[in-house]
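In: build the 3D model from these lines:
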Amino acid sequence: MEVAIGAANWLVGKLLDKLSNDLVAAYVASSELGLNSEQINTKLKYMQGLLHAAQDRDVSSNPGLQSLLEDLSKKADEAEDALDELHYFMIQDQLDGTKEAASELGDGLHGHALHVRHAARSTVGNWLTCFSCSRTQDDDYVDATVVATNNPQEATSSDSGNDGGHVGKLKFDRVAMSNKIKSVIESIHSLCDPVSDLLNKIPNIDTSITMKRAPTGSVAAQDKLYGRRVIFEQTVSALTGSTYLGETLSVLPFVGPGGIGKTTFTQHLYNDKRVEDHFTVRVWVCVSTDFNVLNLTRQILRCIPASEKEEHSCTVETANLDQLQKSIVERLQSKRILIVLDDIWKCNSESDWNNLLAPFRKGQTMGSMVLVTTRFPSIAHMVRTTDLVELHGLEPNEFLEFFEACIFGHSKPRHYEEELIDVARDIARKLKGSPLAANTVG
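Out: Numbering: from 1, shown residues only. Just a heads-up that it's a prediction; the model follows:
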């Protein structure tokens, strides 16, 4: 159930991102949906808040609530599909110089859109193919907003003489599109009240009793990091270059929904040879729901080699925080440390956070780092000293490769390309780039 809630929360975040697009927001505001884009944003944020609250409650014993949460997830998926479809037609407008999907937006905003026409032209062919292939014979209904035209004069073709397999141009139906968006928003709204009522009847999980979450370590389960190569290389360069050398200690958070791959991404960073060579000491601690300054300090100290001057070898077992912190300062003289605090679910206060980091800010060597992974933006913003890194789902091609690895390992079956790849692509598309979802299905 946690996977479904996390996936739904992530989808709502994607919807809010899409609605921040000026063209999409303007269409929504002009289509007589009964709600303006600001009201829709408010409803989606309310839904996001409900899903966030659900993560802090044990919903496993309430099948009715589970079903409603699954319905919310499906509606979020439908809403994303509708906005993707709307965005496609807006791109088509930009390419053709038409106003089919923007006829109510006004010339000024339409003119603002046309500056991306050249860039859009290079990708729309792929989009057409995707739209054409995504509608299978197993669909329960034909989408009323998309009509493939058989008129050759209305078909898109880069070269009508040589392109024997061009894809028909798709027509835009404003009424059907508006009705689709209105319907899914109303469905989301109708689900929010009963979900809220049921959640209020379930107490928060007592985090003093650690939730059943598997601890993590620095060793990655998968040898290969799928996707995210650009942000990975940028982060390695920042960690090992001059970016953070002006500070004694910097904190870089990675934030994203559960199952999006924050821990795996950080494991690969931690074990990169360039990072390993740059830091004298590296420490990995899984925090989860137990943010206890004394226990965390003790765990970190255990991973730092003792100095020759240290008098008491049993210092690490003491319950005296002051003694533990002094030992850390002693052991880290002239050493640059990398600390990973993985999967932070809570931090009671900024004071607790500063208390935990106090001994690491006394080092004589510049450039020490703390990497934090969390699903909660509020924690990421509290602890960061630099711009946080927000991780989203994998890109389609990267995700398909990962999904194939989850299913088949290193060896794909014979005739995979001819017989199974279309099925795999269809399933992968529905998983929306979530690595945890791919692992669960695979």
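In: which residues of this structure score low on pLDDT?
Out: Along the chain, the parts satisfying pLDDT under 70 run over 1-11, 14, 18-37, 55-61, 96-170, 172, 203-213, 310-315, 442.
In: ok, longest helix in it?
Out: For the chain, the longest helix by residue count, based on DSSP state H, is helix 63-96.
In: please report how far residue 330 lies from residue 41.
Out: 52 Å (CB to CB, to the nearest Å). Yep, even glycine has a C-beta here, placed from its N, CA and C like the rest.
In: an error on my part: the question was meant for residue 289.
Out: Applying CB to CB to residue 289 and residue 41 gives a distance of 31 Å.
In: same question, residue 281
Out: Taking CB to CB, one finds residue 281 at 45 Å from residue 41.
In: secondary structure class for residue 254?
Out: strand (DSSP: H, G, I helix; E, B strand; the rest coil).
In: what helices or strands is the longest helix of the chain leaning on?
Out: Helices and strands touching helix 63-96, by 3 or more CB pairs under 8 Å, 6 or more residues apart in numbering; DSSP states H and E, are helix 2-19, helix 22-30, helix 37-55, helix 107-113, helix 117-134, strand 170-172, helix 174-200.
In: ok and the longest one relative to helix 37-55, angle-wise?
Out: Looking back up the chat, that one is helix 174-200. Interaxial angle of helix 174-200 relative to helix 37-55 (axes from the mean of the first three to the mean of the last three CA atoms, to 10 degrees): 40 degrees.
In: buried set for helix 174-200?
Out: 174, 177-178, 180-182, 184-185, 187-189, 191-192, 195, 198-199 (16 or more other CB atoms under 10 Å).
In: tell me if I'm right that residue 407 and residue 421 touch.
Out: No - here residue 407 lies out of contact with residue 421, judged by CB atoms under 8 Å, at a distance of 11.4 Å.
In: which of those two has more residues huddled nearby?
Out: residue 407 (17 against 14; other CB atoms under 10 Å).
In: my read is the more buried one is in a helix, agree?
Out: Yes - checked against three-state DSSP, residue 407 lies within a helix.
In: distance check, it against residue 75.
Out: Counting by CB to CB, the gap from residue 407 to residue 75 is 28 Å.
In: what does residue 352 give?
Out: 38 Å.
In: swap in residue 82?
Out: As judged by CB to CB, residue 82 and residue 75 stand 10 Å apart.
In: any common contacting residues for the two?
Out: Common neighbours of residue 82 and residue 75 (criterion: CB atoms under 8 Å, 6 or more residues apart in numbering): residue 184.
In: need the contact list for the closest residue to residue 225 other than its chain neighbours.
Out: Spatial nearest neighbour of residue 225, chain neighbours left out: residue 268 (4.5 Å); criterion: CB to CB, 6 or more residues apart in numbering. Counting by CB under 8 Å, 6+ apart, residue 268 touches 220, 225, 232.
In: and the contacts of the host helix or strand of residue 338?
Out: Using DSSP states H and E, residue 338 sits in strand 337-344. With contact meaning CB under 8 Å, 6+ apart, strand 337-344 is reached by 213, 216, 218, 239, 262-263, 266, 270, 275, 278-288, 291, 296, 300, 304, 360, 363, 368-374, 376, 379, 383.
In: mind checking which of those land in strands?
Out: Using DSSP state E, the subset of those located in strands is 281-288, 368-374.
In: please pick the buried ones from those residues.
Out: Neighbour counting over the ones in strands among the contacts of strand 337-344 (16+ other CB under 10 Å) leaves 281-288, 368-374 as the buried ones.
In: distance check, residue 294 against residue 183.
Out: 54 Å.
In: what do you get for residue 366?
Out: For residue 366, the distance to residue 183 - CB to CB - is 57 Å.
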